[in-house]
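Visitor: Okay, predicted coordinates and the sequence, questions at the end:
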Amino acid sequence: MKAALEPNTPTLAANSASGWLNGFIGVLIFSGSLPATRFAVQELDPTFLTVARASIAGLLALCLLLASGERRPTRQQLLPLAVVALGVVLGFPLLTALALQYVTSAHSIVFLGLLPLATALFGVVRGGERPAAAFWAFSILGSLLVVGFALSQGLTASPQGDLLMLLAIVVCGLGYAEGAKLSRALGGWQVICWALVLSLPIMAIATLMYLPPSLTTISLPTWLSLGYVSLFSMLIGFVFWYRGLAQGGIAAVGQLQLLQPFFGLALAAGLLHEEVSPAMLGVTLAVILCVAGARRFAR
């Protein structure tokens with residue numbers, strides 16, 4: 001029995017290391033999503049931004065699938081792909097774009113501290129994972145810190161923005177877990193590509209419906225922001241992210257999302273010149289420490 005198990009040990013370790021690396025690259029890419037979205041909604045309608053980014057990414061995904069000759073998903077895989085599409089192609093981008101009309105990207109980024117817990121919960125429900133009890137203690141503590149910070153800022157100032165961000169976290173966590181589970185059979189980049197293609201007809205029609213009256217008045221930085229969220233946030237980032245979740249485990253690698261607020265706050269301060277208060281930075285660092293503890297007990 002021991003001899004039979006030994007050859008698999010290096011493989012498992014390699015998959016875990018590869019999963020963490022792919023997950024880390026995905027988080028780095030996603031970190032620019034909210035600052036870019038915040039910049040874009042200053043000139044673009046949030047609904048147009050959502051459907052346009054999905055349409056651009058969907059066309060690129062269609063080209064990739066045709067060029068590689070990928071087999072079509074089975075009938076049983078269509079429903080999970082629809083869940084992925086509703087969660088990360090439509091739900092999260094639209095809800096965050098709407099939220100960023102009411103709150104700054106720096107404030108919204110702190111809510112991303114809830115994503116590891118949401119992803120882990122859906123990883124248990126949809127992925128069949130069973131982290132240790134200590135994992136949940138660290139994850140819940142980190143989430144409470146994030147919620148506590150939001151309450152300290154006064155939800156009455158923008159209840160719409162904070163509620164939209166919370167809803168975005170829920171649908172995103174479901175989309176992450178469902179996509180990671182599906183990636184084990186379909187492949188990481190194939191999952192996001194098929195989800196984009198599945199939603200492309202509706203997104204393309206909606207893009208034409210919500211097209212701005214004049215495109216010439218839109219500034220170059222706004223077009224670049226749209227390009228970033230279309231190419232990197234909607235497509236390339238998910239290639240690494242779903243592969244990482246599938247290789248290293250949904251709950252475990254999902255904890256890397258706690259680095260996203262840290263990177264995002266830095267981008268918000270550097271690119272958008274938004275104020276990052278000491279309290280905002282402090283709670284982000286505290287949550288990162290909590291999820292670092294959760295990571296140790298993820299399996």
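Guide: Nice, I can see it.

Visitor: rest of the way, CA atoms for contacts and neighbours
Guide: OK.

Visitor: Okay, now the unreliable bits of the stretch 101-250 of the chain?
Guide: 105-106, 109, 150-151, 153-157 (pLDDT under 70).

Visitor: distance of L95 from L117?
Guide: 19 Å (CA to CA, to the nearest Å).

Visitor: For those two, indicate the residue with more neighbours.
Guide: Of the pair L95 and L117, L117 is the one with more neighbours under other CA atoms under 10 Å, namely 29 against 22.

Visitor: ok, and the closest non-adjacent residue to the more buried one?
Guide: What sits nearest to L117 in space, not counting adjacent residues and going by CA to CA, 6 or more residues apart in numbering, is S139, at 5.8 Å.

Visitor: in terms of contact, does L34 touch G264 like I think?
Guide: Yes: taking contacts as CA atoms under 8 Å, L34 lies within contact range of G264: 7.4 Å.

Visitor: list the helices and strands the helix or strand hosting F39 packs on?
Guide: Using DSSP states H and E, F39 sits in helix 33-40. Contact here means 3 or more CA pairs under 8 Å, 6 or more residues apart in numbering; DSSP states H and E; on that basis helix 33-40 packs against helix 92-99, helix 105-111, helix 220-228, helix 259-271.

Visitor: can I assume V88 is in contact with A168?
Guide: No: judged on CA under 8 Å, V88 makes no contact with A168 at a distance of 9.1 Å.

Visitor: those strands in the protein, which residues are they?
Guide: Using DSSP state E, the chain contains no strands.

Visitor: Look at I236 and say how many residues are nearby.
Guide: 21.

Visitor: Give me the distance between it and G188.
Guide: I236 is 11 Å from G188, by CA to CA.

Visitor: ditto for R72
Guide: Applying CA to CA, the value for R72 to G188 is 14 Å.

Visitor: Tell me which of the two has more neighbours.
Guide: With neighbours defined as other CA under 10 Å, R72 and G188 compare such that G188 has more, 24 against 12.

Visitor: quick one: the more buried one from G26, how far?
Guide: Going from G188 to G26 by CA to CA gives 12 Å.

Visitor: just Q160 next, same as before
Guide: 28 Å.

Visitor: The two: which has the busier surroundings?
Guide: G26 (25 against 16).

Visitor: surely the more buried one meets L235?
Guide: No: using CA under 8 Å as the test, G26 is too far from L235 to be in contact (10.3 Å).

Visitor: quick one: contacts for V170?
Guide: Residues near V170 by CA atoms under 8 Å, 6 or more residues apart in numbering: 115, 118.

Visitor: The helix ranked longest in the chain to helix 92-99, inter-axis angle?
Guide: Under DSSP state H, the helix in the chain containing the largest number of residues is helix 159-186. Calculated by axes from the mean of the first three to the mean of the last three CA atoms, to 10 degrees, helix 159-186 forms an angle of 170 degrees with helix 92-99.

Visitor: any idea how far helix 159-186 is from the chain center?
Guide: In terms of CA atoms, centre = their mean, to the nearest Å, the centre of helix 159-186 is found 7 Å from the chain centre.

Visitor: Ok, stretch 126-140 next?
Guide: Remark: stretch 126-140 is offset 19 Å from the chain centroid, using CA atoms, centre = their mean.

Visitor: ok, now stretch 89-107?
Guide: Put simply, stretch 89-107 sits 12 Å off its chain's centre (CA atoms, centre = their mean).

Visitor: would you put the C-alpha positions of it in PDB?
Guide: What follows is stretch 89-107 as a C-alpha-only set of coordinates in PDB (Å, rounded to 0.1, in the frame of the first residue of the first chain):
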ATOM      1  CA  VAL A  89     -20.100  36.900 -16.600                       C
ATOM      2  CA  LEU A  90     -23.200  38.800 -15.700                       C
ATOM      3  CA  GLY A  91     -23.900  39.000 -11.900                       C
ATOM      4  CA  PHE A  92     -20.600  40.100 -10.400                       C
ATOM      5  CA  PRO A  93     -19.600  42.600 -13.200                       C
ATOM      6  CA  LEU A  94     -23.100  44.200 -13.200                       C
ATOM      7  CA  LEU A  95     -23.500  44.400  -9.500                       C
ATOM      8  CA  THR A  96     -20.100  45.900  -8.900                       C
ATOM      9  CA  ALA A  97     -20.500  48.400 -11.700                       C
ATOM     10  CA  LEU A  98     -23.800  49.500 -10.200                       C
ATOM     11  CA  ALA A  99     -22.300  49.600  -6.700                       C
ATOM     12  CA  LEU A 100     -19.400  51.700  -7.900                       C
ATOM     13  CA  GLN A 101     -21.800  54.500  -8.700                       C
ATOM     14  CA  TYR A 102     -22.300  54.900  -4.900                       C
ATOM     15  CA  VAL A 103     -19.000  53.900  -3.300                       C
ATOM     16  CA  THR A 104     -15.300  54.300  -4.200                       C
ATOM     17  CA  SER A 105     -13.300  51.400  -5.500                       C
ATOM     18  CA  ALA A 106     -11.200  51.500  -2.400                       C
ATOM     19  CA  HIS A 107     -14.300  51.000  -0.200                       C
END
